[in-house]
Every structure is written in structure tokens, then in C-alpha cells.
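>>> below are the sequence and a predicted model for it; my questions follow.
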Amino acid sequence: MRGRIGLYKAAQDVEVREVVLSNKPDAMIEASAKGTVPTLVLPNADGTNTVIDESLDVMLWALHQNDPEDLLHQQDTAALPAMLALIATFDDGFKTQLNAYKCAKRYRENNVVECRQACEAYIQDLEDRLGGGNTEGGLEEGQSKRFIFGAKESLADIALLPFIRQFSKVERKWYRESPYPNLKQWLNGYLQSVMFNKVMTQYELWKPS
């Protein structure tokens, strides 16, 4: 989802090949031994290929080609490092806690609340940022914010969106009643957007010709 969002935001024209990870095509393994999605294959002039097989790297590549909405906040030299640091916090910490939370709920383990609370430490940080409690992004303390790094959408928003969407679906009733109004408004804005509908389009499975 991350990779598709980045490509959509950067208006990059790509051929999408839908695959089933339990039955990976040989061409996918040949392109990247990791065998994970997304895998972006870029042909070079000399006949070789450049392969990008990390979702955040796909986003960065795409936005460095074309960033019409200035998601990298290029006029602020401190912005991108701050975004990447926040994204790394979620990639390195929140993702593990989220997976534990999903497993606890799926298998009806007795530590669901504990796992959820571990996730909430990260969720509260976003709630504060979206509500103006964290002043990164150039706004004054207490000023209303629409996005994670201020009034402008950024790479951080679209990179963290898939994680927060997953979090919201683990315990739907609890999430609807949770004390995170800024986060819920932010997520709903994306879920109801044209962009979300576009990137979630289902394609027919790709078959090699």
C-alpha cells in the first residue's frame, strides 16, 4: 500500500503486476531474491534493471522524480530528516507491537489490552501532533493541525497511513470509542479520499506471457 500511495502521489506511470505471495512468479524472484512486495523494477539505458524492494524507498524514489504536493517539504531542510526519524520509530517499534496486538486478538489471547496499550504510546504521539501538542511543522503550540507535520500533508502522513489503518481494524468498536479524535479525523479523511480508492484497486493476477 505504501508503494502504491507514493507512486500515485508522484503521478508515476507504472505497470502494476498483481501477484499472490504464496505462489510467487519466477520473474518476481529473479527481480528480487527477497520476494516481497512492493518490488519496483526500473529499466536502465544499458539493458540492466534497478530494483527497489522496500516500500519507503519506493515512495522516496517516486517523490524525488515528481513531488507536485511538496510532500517532502523541500523548502525546510530539517523536515525530511524529521519525517524519516518518525517513520523509523514506527517501522522499528510500532510495527512489532501492532503485529503482537493483531495476533493477540486473532487467537483470543489474554493480553489483548496489554498489546493494545503498547501500541497506544505511538498512537498518542500522533494524536498530539495532529492536535497541535507537538509543534514540529512550524505551527504554534495549541494551533489546530490537519497533518502530522503541520498544516501541510507530508511523506510521514502517507507512510504511516497503512499502519494506522491496520490498527483501527483490530478492535473496531474499541477504536470507534477511543479518545483519539484528531487521529480518527485524519484517518477518515484518507479512507474517504479518491486517492485511497485508487490505490486499493484490485487488479487481475498477473500471468507471464
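Arrived safely, thanks for sending.
>>> how close does the nearest residue to Gly131 once chain neighbours are set aside sit to Glu153?
Distances taken as Cβ to Cβ, 6 or more residues apart in numbering place Asn182 nearest to Gly131, at 4.3 Å, with adjacent residues excluded. Every residue, glycine included, has its C-beta placed from N, CA and C. Distance, Asn182 to Glu153, using Cβ to Cβ, to the nearest Å: 15 Å.
>>> same check on Asp46?
Taking Cβ to Cβ, one finds Asp46 at 37 Å from Glu153.
>>> just Gln74 next, same as before
14 Å.
>>> go on, Val41?
Taken as Cβ to Cβ, the span from Val41 to Glu153 is 28 Å.
>>> now what about the helix or strand hosting Trp61, what contacts it?
For Trp61, the host element (DSSP states H and E) is helix 55-65. For helix 55-65, contacts defined as Cβ atoms under 8 Å, 6 or more residues apart in numbering pick out 1-3, 5-7, 9-10, 12, 38, 40, 52, 71-72, 87, 91, 155, 158-159.
>>> mind doing that once more with 7 Å?
2-3, 6-7, 9-10, 12, 38, 40, 52, 71-72, 87, 155, 159 (Cβ atoms under 7 Å, 6 or more residues apart in numbering).
>>> any chance you could map the helices in this protein?
Assigned by DSSP state H, the chain shows helices spanning 2-9, 26-31, 55-65, 79-89, 95-106, 112-131, 155-170, 172-177, 181-191, 194-199.
>>> just those: most buried one?
helix 2-9 (a mean of 22; mean count of other Cβ atoms under 10 Å).
>>> just want the angle from that helix to helix 155-170.
Helix 2-9 and helix 155-170 are oriented at 130 degrees to each other (axes from the mean of the first three to the mean of the last three Cα atoms, to 10 degrees).
>>> what's the pLDDT at the residue nearest the centre of the chain?
The chain has Ala159 as the residue nearest its centroid, 2.9 Å off, counting by Cα atoms, centre = their mean. We have a pLDDT of 99 for Ala159.
>>> hmm, Ile87 and it touching each other?
Yes - applying Cβ atoms under 7 Å as the test, Ala159 and Ile87 come out as touching, 4.9 Å apart.
>>> lowest average confidence, helix or strand, in this protein?
Counting by mean pLDDT, DSSP states H and E, the chain has its least confident helix or strand at helix 26-31, which shows a mean of 92.
>>> tell me how far the residue lying farthest from the centre of the chain lies from Ala33.
For the chain, the largest distance from the centre (Cα atoms, centre = their mean) belongs to Asp46, which lies 32.9 Å off. The spacing between Asp46 and Ala33, counted by Cβ to Cβ, is 21 Å.
>>> can you list the domain ranges for the chain.
Annotated domains of the chain cover 2-70, 79-195 [automatic domain parsing].
>>> Leu205 is nearest to which of these?
Within the domains of the chain, the stretch nearest Leu205 is domain 2-70; the backing value is 5.3 Å (Cβ to Cβ).
>>> what about that closest one, how long is it end to end?
17 Å (Cα to Cα, to the nearest Å).
>>> quick one: distance of it to the chain centre.
Mean C-alpha position of domain 2-70 versus that of the full chain (Cα atoms, centre = their mean, to the nearest Å) differs by 15 Å.
>>> before I go, just wanted to say thanks for your time.
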